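>>> pasted the sequence and its predicted model underneath.
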Amino acid sequence: MAKKTVRDIDVVGKRVLVRVDFNVPLKDGVVRDDTRIRAALPTIIYLRSQGAKTILTSHLGRPKKQPKEGLVMDPVAARLSELLDVPVKKLDELTGAAVESVVQQMKPGDVVLLENSRFDPREEKNDPSLAAELAGLADVYVDDAFGTAHRAHATTAGVAEHLPAVAGFLVEKELEALDTLVTSPGRPFVVVLGGAKVTDKIGVIEKFLDVADDILVGGAMAFTFFKAQGWSVGTSLVEEDEGVAVAKRILDKAASSYCNLLLPEDVVVAEKAEADAETKVVKADAIPDGWMGLDIGPATAATYAGTIMGADEVFWNGPMGMFEVDAFAAGTKAVAEAMAQCKGMTIVGGGDSVAAVNGFGLADKMAHVSTGGGASLEFIENDGVLPGVTVLQDK
Ligand code: ADP
Ligand code: MG
């Protein structure tokens, strides 16, 4: 990998500030899903083994730039402490005299967790004064939060300008998987795109038209493409105006591209987006008035699964339908199962797509499950350039 990691730098006895992604779901003051905390353990355990003093920083939720009771880091520190089996001190501020004094007293192997970084209004503005204060706490900066690497905030980018900055193991894993995808994907290289909005994903679609062999489109996004072809879409979710214009542009570009852009040939429709609604399968260009497309149909699912299974590299972002409702989950499940069986490099990115794969119990059958939805898309779109990655030292 082109970027230095914690292995490439001396951390023995050093104060190490680690940006982690502990933005976990909470319920009644308890961590409901600790996946993201577990994901940071290899880096923290390594730092402790080196006798480093580990100072962790993360945001949690969207506190609107000021302290919010329900979003303090205490439950996270408690869970981390259980997982590491060592005490983890939670500090009540991000920077300042009290934090400095605790850090001064840290011993090799100690771990502390700073308060929610987004309680400080300077975090999201990447205010240089906050970056300097954070840098003053440590000798080395480690980025182990890929999910926020596309944001230039004080804890993800600003602070790295003041300290030797390297990647943690989680970020290293992400960069390795996505670097190959951007620079030299296995072929055939198949991209599966779904989810809600075309306009969110135009950048990646256009990018992939230049590099992928096949792009398989599903999800609500497909209906905007149908509309752009002049088909009636009933009450399906469509991004009018801008979305349709973008879809037309993409279809034009696809027509003269080597890449195959596949749209669903059939869809599952219902009169309402509810579990007990009556459903039927119709041809993609024959959606009846008053009906809404909520999943790709079985013929499409079979075609897509076949293409995926023959691929050497697959990148998937965005569910094929409203998978949260069982009646509309078959298409998404077919894609997940085909990826699980595919012998090539399989990468899933995106909050909802990853949730779907976890729900089907297929996460460990994928070559890589990206912890950053937005970050992975931006990484691909910008050829590997992300604010939180650029600041890390090159090897
Ligand atoms: P990701 O988080 O994986 O990037 P998105 O956020 O773009 O994915 O989209 C996920 C959402 O899209 C899900 O909530 C899903 O229910 C919704 N969705 C997918 N297909 C449809 C559809 N045909 N109609 C309505 N919603 C859909
Ligand atoms: Mg999402």
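Cool, got the structure. Numbering: from 1, shown residues only. Ligands and ions are numbered 1, 2, ... in the order given.

>>> switch to C-alpha atoms for all contacts and neighbour counts from now on
Will do.

>>> mind listing what Val12 touches?
Gln50, Gly51, Ala52 (Cα atoms under 8 Å, 6 or more residues apart in numbering).

>>> show the pLDDT at the first one.
Spelled out, that is Gln50. On pLDDT, Gln50 comes in at 98.

>>> most neighbours of all the contacts of Val12, which one?
Ala52 (26 neighbours; other Cα atoms under 10 Å).

>>> quick revisit: out of the contacts of Val12, which are inside helices?
Among the contacts of Val12, no member is found in helices (DSSP state H).

>>> and those as CSV, adding distance to Val171?
Formatted as CSV, the contacts of Val12 follow (distance: Cα to Cα, whole Å):
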residue, distance to Val171
Gln50, 19
Gly51, 21
Ala52, 19
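
>>> can you pull the contacts of the closest residue to Lys14 other than its chain neighbours?
Distances taken as Cα to Cα, 6 or more residues apart in numbering put Ala52 closest to Lys14, at 4.9 Å, once the chain neighbours are dropped. Applying Cα under 8 Å, 6+ apart to Ala52 gives the contacts Val11, Val12, Gly13, Lys14, Arg15, Val16, Pro108, Gly109, Asp110.

>>> contacts with ligand 1 among the residues you listed, please.
Residues of those in contact with ligand 1 (Cα under 6 Å from any ligand atom): none.

>>> those residues in strands, which ones?
Arg15, Val16 (DSSP state E).

>>> what's the closest of the contacts of Ala52 to ligand 2?
Val16 (32.4 Å; Cα to the ion).

>>> just checking, the closest one touches Ala138?
Yes: in this structure, Val16 is within contact of Ala138 by Cα atoms under 8 Å, at 5.4 Å.

>>> the more surrounded of those two?
The neighbour comparison of Val16 against Ala138 (other Cα under 10 Å) goes to Val16, with 25 against 21.

>>> circling back to that earlier point, looking at the contacts of Val12, which is nearest ligand 1?
Checking these against ligand 1 with Cα to the nearest ligand atom, the nearest one is Ala52 at 35.9 Å.

>>> give me the distance between that closest one and Gly359.
37 Å (Cα to Cα, to the nearest Å).

>>> need the overlap of contacts for Val16 and Ala138.
Contacts common to Val16 and Ala138, judged by Cα under 8 Å, 6+ apart, are Ile55.

>>> wait, a helix at Val76?
Yes: per DSSP: H, G, I helix; E, B strand; the rest coil, Val76 lies within a helix segment.

>>> for it, what are its contacts?
Phe22, Val30, Val31, Ile37.

>>> among those residues, who's most crowded?
Phe22 (25 neighbours).

>>> and it, backbone torsions?
phi -100, psi 30 (degrees, to the nearest 10).

>>> what's it in contact with, if anything?
Contacts of Phe22 (Cα under 8 Å, 6+ apart): Arg36, Ile37, Ser58, His59, Leu60, Val76.

>>> cool, and Leu216?
Counting by Cα under 8 Å, 6+ apart, Leu216 makes contact with Val190, Val191, Val192, Leu193, Leu261, Leu262, Leu263, Tyr304.

>>> quick one: which helix or strand includes it?
Leu216 belongs to strand 214-217 when assigned by DSSP states H and E.

>>> mind giving me the packing neighbours of the next helix or strand after that strand?
Using DSSP H and E, the next helix or strand after strand 214-217 towards the C-terminus is helix 221-228. Where contact means 3 or more Cα pairs under 8 Å, 6 or more residues apart in numbering; DSSP states H and E, helix 221-228 is packed against helix 242-255.

>>> the helix it packs on near ligand 1 at all?
No: legend: contact between helix 242-255 and ligand 1 by Cα under 6 Å from any ligand atom is lacking; minimum distance shown is 13.8 Å.

>>> hey, C-alpha coordinates of that helix in PDB?
Taking Å, rounded to 0.1, in the frame of the first residue of the first chain, the C-alpha atoms of helix 242-255 are listed here in PDB:
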ATOM      1  CA  GLU A 242     -32.700  16.600 -12.500                       C
ATOM      2  CA  GLY A 243     -32.700  12.800 -12.000                       C
ATOM      3  CA  VAL A 244     -34.300  12.100 -15.300                       C
ATOM      4  CA  ALA A 245     -31.900  14.500 -17.100                       C
ATOM      5  CA  VAL A 246     -28.900  12.800 -15.400                       C
ATOM      6  CA  ALA A 247     -30.300   9.300 -16.300                       C
ATOM      7  CA  LYS A 248     -30.600  10.400 -20.000                       C
ATOM      8  CA  ARG A 249     -27.000  11.600 -20.000                       C
ATOM      9  CA  ILE A 250     -25.900   8.300 -18.500                       C
ATOM     10  CA  LEU A 251     -27.900   6.300 -21.100                       C
ATOM     11  CA  ASP A 252     -26.300   8.300 -23.900                       C
ATOM     12  CA  LYS A 253     -22.900   7.800 -22.600                       C
ATOM     13  CA  ALA A 254     -23.500   4.100 -22.100                       C
ATOM     14  CA  ALA A 255     -24.600   3.700 -25.700                       C
END
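
>>> how about the residues of this protein by ligand 1?
By the rule Cα under 6 Å from any ligand atom, the part of the chain lying against ligand 1 is 195-197, 219-220, 237, 293-295, 317-324, 350-353, 373.
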